[in-house]
Each structure stands twice: as C-alpha cells, then as structure tokens.
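In: Sequence and computational prediction follow.
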Amino acid sequence: MKRREFLKTAAAAGAGLSVLPSGFWSRGPAAFGQQTPPAPGTPRAEATLRQAAGDRMLIGAAIGARSLDRPGLASLIAEQFSCVTAENEMKPISLQRVQGTFTFQQADRIVAFAKDHNMQVIGHNLCWHSQAPRWLFQNDGGQPLGREAALANLKAHIDTVVKHYKGKVKGWDVVNEAINDGAEPYLRNTPARRAIGDDFVVKAFEFAHDADPDAELYYNDYGIDVGTKRDRALRLLRQIKQAGVRIDGVGIQGHWRLGSPSLEEIDRGIKAFVDEQLKVMITEMDIDVLPRSGQGADINATERQGGDPYRAGLPDDVQRALADRYGALFTMFTRYPQITRVTLWGVSDGNSWLNNFPVGGRTNYPLLFDRQLRPKPAFSAVIRALQASR
Ligand code: GLA
C-alpha cells in the first residue's frame, strides 16, 4: 500500500471511539446514568451545530462509510451536522479503480444515511492527482496518454459518477488541488495536465455540468486563502469563468494551524473570492496544534520527525487557544452571507488524518469533539459564534 493510501485508510479507520447511545445529544448525559461523564468544563449546550447555524449555512463533516457502523458516532453525526462529505469513498480510486468497473456501494451508504437524516451530500472529488487510478491519464509505463484518450477517460468517469448521484449530491468538488505550491508553472504538473494540458480544469467543469446541470460545481484547494496561491487561484477561477463553463463556488480547504495563517490573512482571502461573485465554502476545516516544519496540506509532503508533546492530553492554555481560534474564525465566517457551508474534516480528534500527517502516529486535537466523542471547548466557542450572529 502506498504511504498516502495508508494515511487515508488510517484516518478513515479512526481510533478508540466510544459509542454513545442514539439520542445522547437531545436527551443529555443524565438520561444515560452518566456512563460517559462529560469532561470538566464541558458545555451543556442545548443547541447542536446544525441548530445554531440555522439557515445561515450548512455545517458539514467528512465521514467514512465505516463511521455508520458505530451507532453512537452515527447518531452524533446526524444530530450535529447538516451535510456530509465522503472522506474517501467518492474519490476516483474508490469509484473506478479498474477502468469501466464502478464501485458505488460504500459511497451509496453515505448518501442513503444522509437522506435518512435530512442531510445534504457534497461530492468529493471528480479530478485530483492523488487517490486516482493511473490508467485515467497514463499508460502502463507511466507515460501520459494522448489528449483525446485522456479526455475520453475523464469524461466517462465524470459522466457516470455525476449521473449516478444526480439529484442526490448538492454540489461537486470538480477539481481538487490543481494549483502548484512551488515555482512555475502555476498549475501543478500532474498526470492530467501532462496528458491534456492546462484546460483539463475547464474540461472537467464542462463534463460535470453536462452530466448534471442542476448540481453546484466547485474548485477546491488548500492554502489558496493566502499569498501566491491566492493569486493563482484567482487566475484559475477567472479562466474557468471566461471559458463560459459553470462554476458556483470555491472551496478553501481550511487545513489551518493554531498560529497561522493570521485571521487577517484568512479574511483577506475570503474577501478576494467573494469579490469574484462566487460562493465561498470552508470545505476541510481542522486546526493543527502540533509542531511541524512545512506548511500546507499536500498529503505527500510527509515529515519523518516532529514532536508529539500532547500524548497525555492537551494543556488548558492550548485548549483555550484552540477554542478562541475556532470561535474567531466562525465569527468571521458569519459576517459573509457568501459563505454557504463550513465542513470539518472529520468528527472527533481520534479519527483525524492529522494524527498521521505530516508525521505518523502522533496525538493531535484538531476538531470539535474529543476521542470519547465529547464536545470540546472549541465546540461551544463555535456554537456561541453562530448564535451571536443570528
Ligand atoms: C486533501 C483532500 C482530502 C483529504 C485531505 C486529508 O485536502 O482534498 O480529500 O484527503 O487532503 O486527508
């Protein structure tokens, strides 16, 4: 198994999640004899995230199909979130590992769960350089296919997948992470780009719109809220619009760290995309509290070493700083009616990919629920921010 696939599998599998009875949130822990007592200082918030957000925005989580086999986790997801993104199950490698053989079962489970619980589904993703089968854009020797063959493969994939979920998926991350982190060229040098050319992005949007004219279509990437990547993202978005194909929104992944980027930088990034008359979504939010040397969220940019300072628990001051940052970010989000969705990349700290990225086997605390599925101070900070804005 390749390292990046291992990371995904590990993240999807989760670790050590306890099971809460269905209805835990609506009835409160007392109804269950305090079998899972709240941590000291745990808020007794009546509201759930989806209640606090109301009609203002969707509040989502990335979930794996395996989450649905854990009754406590599944009921927590249904009660707290108004939309879900499949963490891995809709990626090209999951849906069409073998050319012409589509495997929808796991993704279909997530879609059925969402329907049963009145949640929206976001499709993630149709075209990405990671977790994609090689045959899409390359021959057996790793050489790029010819443009026409590569376009035919891309179209066949998008067409089949988007039509399968027509009317069930609200919107698609059509292209994920096409922008280069490093120097020129401004688009990442991927198999799709080598086979098709820079317009593979426009073509993917065109194919998606043809397959489901009612679905919203998004460009999704990390780090595009700041610096050079923001400028490159604006350039790409304008090219897509100039080509005359449908694009509804931009997804800022939001894999942020405790200390960076600054709130001001993130705010400038959001404003830049709002000014392009696009919907803006925070699509993969988490906040890394651990030290690392690199920036960004390129899942292949692993690091061999890094401290693991909070194995025994998160100190109070860091817990507070995390809650403050979540609260401040959500307060910022609520100022923009154009922000139509915020999705967390996972539900609880125990099943976050950040326990294994960029360094494997650490203990991270990036989400709103702890390893026992209890709400963290960051959860109540988010609830307060959402409620204050209503
Ligand atoms: C990227 C992808 C996601 C997910 C995360 C980390 O941001 O868009 O699908 O793989 O990396 O797990």
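Out: Looks like it arrived, so ask away.

In: Residue of this protein closest to the ligand, please.
Out: Using Cβ to the nearest ligand atom, the single residue of the chain nearest to the ligand is Trp353, 3.8 Å away. For every residue, glycine as well, the C-beta is placed using N, CA and C.

In: Check the contact between that residue and Gly346; I expect there is one.
Out: Yes - if you go by Cβ atoms under 8 Å, Trp353 and Gly346 touch, sitting 7.1 Å apart.

In: Give me the more crowded residue out of these two.
Out: Gly346 (28 against 22; other Cβ atoms under 10 Å).

In: Is Leu126 in a helix, a strand, or coil?
Out: Per DSSP: H, G, I helix; E, B strand; the rest coil, the local secondary structure of Leu126 is strand.

In: I'd assumed His157 was in contact with it.
Out: Yes - using Cβ under 8 Å, Leu126 is in contact with His157, at 7.2 Å.

In: Give the intersection of the neighbour lists for these two.
Out: Counting by Cβ atoms under 8 Å, 6 or more residues apart in numbering, the shared contacts of Leu126 and His157 are Pro92.

In: the more surrounded of the two?
Out: When Leu126 and His157 are compared for neighbours, Leu126 comes out ahead with 26 against 22, by other Cβ under 10 Å.

In: can you pull the contacts of the spatially most central residue of the chain?
Out: Centroid check for the chain by Cα atoms, centre = their mean gives Glu284 as the closest residue, at 2.9 Å. The contact partners of Glu284, by Cβ under 8 Å, 6+ apart, come to Ala62, Thr85, Asn220, Tyr222, Gly251, Gln253, Gly254, His255, Ala297, Thr343, Trp345.

In: Generate a PyMOL selection restricted to the buried subset of the residues you listed.
Out: In PyMOL, this line selects whichever of the contacts of Glu284 come out buried by 16 or more other Cβ atoms under 10 Å:
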select buried, resi 62+85+220+222+251+253+254+255+297+343+345
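
In: and the contacts of Glu284 as JSON lines, adding secondary structure and pLDDT?
Out: Listed next are the contacts of Glu284 as JSON lines, based on DSSP: H, G, I helix; E, B strand; the rest coil; pLDDT from 0 to 100:
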{"residue": "Ala62", "secondary structure": "strand", "pLDDT": "98"}
{"residue": "Thr85", "secondary structure": "strand", "pLDDT": "99"}
{"residue": "Asn220", "secondary structure": "strand", "pLDDT": "99"}
{"residue": "Tyr222", "secondary structure": "coil", "pLDDT": "98"}
{"residue": "Gly251", "secondary structure": "strand", "pLDDT": "98"}
{"residue": "Gln253", "secondary structure": "coil", "pLDDT": "98"}
{"residue": "Gly254", "secondary structure": "coil", "pLDDT": "98"}
{"residue": "His255", "secondary structure": "strand", "pLDDT": "98"}
{"residue": "Ala297", "secondary structure": "coil", "pLDDT": "70"}
{"residue": "Thr343", "secondary structure": "strand", "pLDDT": "99"}
{"residue": "Trp345", "secondary structure": "coil", "pLDDT": "98"}
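
In: so which of the contacts of Glu284 also contact the ligand?
Out: Tyr222, Gln253, Ala297 (Cβ under 6 Å from any ligand atom).

In: Correct me if wrong: Arg109 contacts Arg66.
Out: No - using Cβ under 8 Å as the test, Arg109 is too far from Arg66 to be in contact (9.5 Å).

In: do you know how far Ala47 is from Arg390?
Out: Separation of Ala47 from Arg390 (Cβ to Cβ, to the nearest Å) stands at 11 Å.

In: Neighbour count for those two, which is higher?
Out: For the pair Ala47 and Arg390, the greater number of neighbours falls to Ala47 (17 against 10), based on other Cβ under 10 Å.

In: Check the closest residue to the more buried one other than its chain neighbours and give its pLDDT.
Out: Spatial nearest neighbour of Ala47, chain neighbours left out: Ile383 (5.5 Å); criterion: Cβ to Cβ, 6 or more residues apart in numbering. Ile383 carries a pLDDT score of 97 in this model.

In: now swap in Ala10 and tell me
Out: 38.

In: what's the answer for the one 4 residues further on, then?
Out: Taken from the predicted model, the pLDDT recorded for Gly14 is 34.

In: Now do the helices in the stretch 251-390 of the chain.
Out: Secondary structure of the stretch 251-390 of the chain (DSSP state H, counting those that start in this stretch): helices located at 263-274, 316-334, 377-388.
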